[in-house]
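J.: Return atomic coordinates for the entry below.
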Amino acid sequence: MQETCTNARDFLESLFQGTGLNLEITVKESPAECLLDLSGPDSGLLQAEGGELLQAVQHLVNQAFGRLLPDGQRLVCDVEGFRATREAELRAMANLAADRVRTTGASFVFGEMNSNERRIIHLTLADCEDLTTESIGEGAARKLRVMRKTSA
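T.: Below is the predicted model of the structure:
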C-alpha cells in the first residue's frame, strides 16, 4: 500500500504543478486507507461548491491507483479537515430530516448529492427503526429520501 500511496502523491504533485495550483500533499497511512491531505494557498478552490473539485481529484486518484490497493483499503483525498466537517454537517442534516419526518409524517428529499454524501446519511439513519432511506434519481442527479417505514 505504501508504494501506491507514494505514487498517488507523486501523481497529484505533478497534476497540481502542471495546473499552477499551489498545494502541498501530506500522506497519512493507516491499515484501511491512504489519506492524501492537501493544504496550501489554493486549498479553498478544492472546498468550493461543496467540495466538487476535491471529489473530482479523489475520483482521478482512485481511477488511476485504486485498483492497485488490496481489498478493503482505499485512497482518500481531504483538504484541511473538509471531509470531517462535511460529514458532521451531513449527520446533523440527517437527524433534522428524521425529526421532520417523524413530526409531519411526510417524506423528506435531500437535494442532489454524490454517493459518499448519500452513504453518510444512509448510515446515520440506518438504526432508526421507524424510518427508512432510499436513493432516487439517476447519475449525478441522485437524491436521498427519508420516510417512515410502512408496516407490513
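
J.: right, and Q2 touches E29 too?
T.: Yes: counting by Cβ atoms under 8 Å, E29 is a contact partner of Q2 at 6.6 Å. In short, each C-beta sits where N, CA and C put it, glycine included.

J.: between those two, which one's more packed in?
T.: A count of neighbours by other Cβ atoms under 10 Å puts E29 above the other of Q2 and E29, at 13 against 9.

J.: L144 versus the nearest residue to the more buried one once chain neighbours are set aside, what's the distance?
T.: Leaving aside its chain neighbours, E29 sits nearest to C5 (5.8 Å; criterion: Cβ to Cβ, 6 or more residues apart in numbering). Distance from C5 to L144, counting by Cβ to Cβ, to the nearest Å: 31 Å.

J.: If you count surrounding residues, which of these two has more?
T.: L144 (25 against 21).

J.: Would you map the strands across this protein?
T.: Counting by DSSP state E, the segments of the chain that form strands are 24-29, 33-39, 74-79, 108-109, 131-136, 143-148.

J.: What residues does T124 make contact with?
T.: Listed by Cβ atoms under 8 Å, 6 or more residues apart in numbering, the contact partners of T124 are L90, R91, A94, N95.

J.: For these, which single residue is the most surrounded?
T.: Of those, with other Cβ under 10 Å as the count, A94 tops at 23 neighbours.

J.: CA atoms of stretch 14-29 as PDB?
T.: C-alpha atoms of stretch 14-29 as PDB (Å, rounded to 0.1, in the frame of the first residue of the first chain):
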ATOM      1  CA  SER A  14       2.600  16.600 -10.900                       C
ATOM      2  CA  LEU A  15      -1.000  17.500 -11.600                       C
ATOM      3  CA  PHE A  16      -1.000  20.500  -9.200                       C
ATOM      4  CA  GLN A  17       2.300  21.700 -10.600                       C
ATOM      5  CA  GLY A  18       1.000  21.400 -14.200                       C
ATOM      6  CA  THR A  19      -2.100  23.300 -13.400                       C
ATOM      7  CA  GLY A  20      -0.400  26.000 -11.400                       C
ATOM      8  CA  LEU A  21      -2.200  25.100  -8.100                       C
ATOM      9  CA  ASN A  22      -0.200  25.900  -5.000                       C
ATOM     10  CA  LEU A  23      -1.000  22.800  -2.900                       C
ATOM     11  CA  GLU A  24       1.100  20.600  -0.700                       C
ATOM     12  CA  ILE A  25       0.300  16.900   0.000                       C
ATOM     13  CA  THR A  26       0.800  15.100   3.200                       C
ATOM     14  CA  VAL A  27       0.400  11.300   3.200                       C
ATOM     15  CA  LYS A  28      -1.100   9.600   6.300                       C
ATOM     16  CA  GLU A  29      -1.400   5.900   6.100                       C
END
